[in-house]
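K.L.:
just to be clear, the model below is a prediction. Sequence and coordinates:
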Amino acid sequence: ELKYGEALPYLEKAVEIQPKIIRNRLTLGACLLGLKQYGRAETEFKQVVQEAPKFPLANFNLGLLYEETGRLEEARGAYAEEVAGYPGEFKARFNLGKLLFKLGDRPGSLAQMREVVNLVPKLAEGHLLLARGLLHEDVPLDEVQAEVEKGISLAETDDLKALGYFLLADIYNRRQEPEKVSEALRKANA
């Protein structure tokens, strides 16, 4: 796989030769984002959005850039635009859900995560982050635990499994089952 630095001159050339091909510009922007050249990346993404407001993943990439540079409100707007344009795609919705949680909009976050779980029922992160959100709501613990267990069963990475077991520990703690808390934490740290 080409590294960003190696790919950059070719992508710059492609945009120079065919400036009207929007996908080239979006790919160049993504490469610049990978290289943390935020100013240049933003210029490319904004040009894409200006020329083709509904171009797939244009607002998503802009959202990533804003989020990486700490401009969370702008990231929220960009992800929301992508979700509005492509309601059946889950990536922007997932990022929006995580961001809304961070911004303290729990109901908004939950709504996005529920939709992520509907769109991609096999995505472990969707179930786990939905469960994390539900722990802040007045929801029966059985319902939350079912999401966590589903997430753990689908999780393919240690990070995700650990998140699942930490969530289980929280649930068992609320149920005042200390032995199960210890067991879940042991698995989380394994």
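P.N.:
On my side now, so go ahead.

K.L.:
once you drop chain neighbours, what's closest to residue 178?
P.N.:
residue 172 (7.8 Å; CB to CB, 6 or more residues apart in numbering). Every residue, glycine included, has its C-beta placed from N, CA and C.

K.L.:
and the gap between the one you found and residue 134?
P.N.:
The spacing between residue 172 and residue 134, counted by CB to CB, to the nearest Å, is 15 Å.

K.L.:
residue 125 too?
P.N.:
15 Å.

K.L.:
cool, and residue 92?
P.N.:
From residue 92 to residue 134 the distance is 22 Å (CB to CB).

K.L.:
now do residue 180
P.N.:
19 Å.

K.L.:
for the residue nearest the centre of the chain, what are its contacts?
P.N.:
Nearest to the mean C-alpha position of the chain, by CA atoms, centre = their mean, lies residue 95 at 2.9 Å. Going by CB atoms under 8 Å, 6 or more residues apart in numbering, residue 95 touches 60, 63-64, 67, 75, 79.

K.L.:
residues contacting the residue nearest to residue 178?
P.N.:
By CB under 8 Å, 6+ apart, the contact list for residue 172 reads 178, 180-181, 184.

K.L.:
now those: which count as buried?
P.N.:
Among the contacts of residue 172, those classed as buried by neighbour count (16 or more other CB atoms under 10 Å) are 181, 184.

K.L.:
can you give me phi and psi for the residue nearest to residue 178?
P.N.:
When read as degrees, to the nearest 10, the backbone of residue 172 gives phi -60, psi -30.
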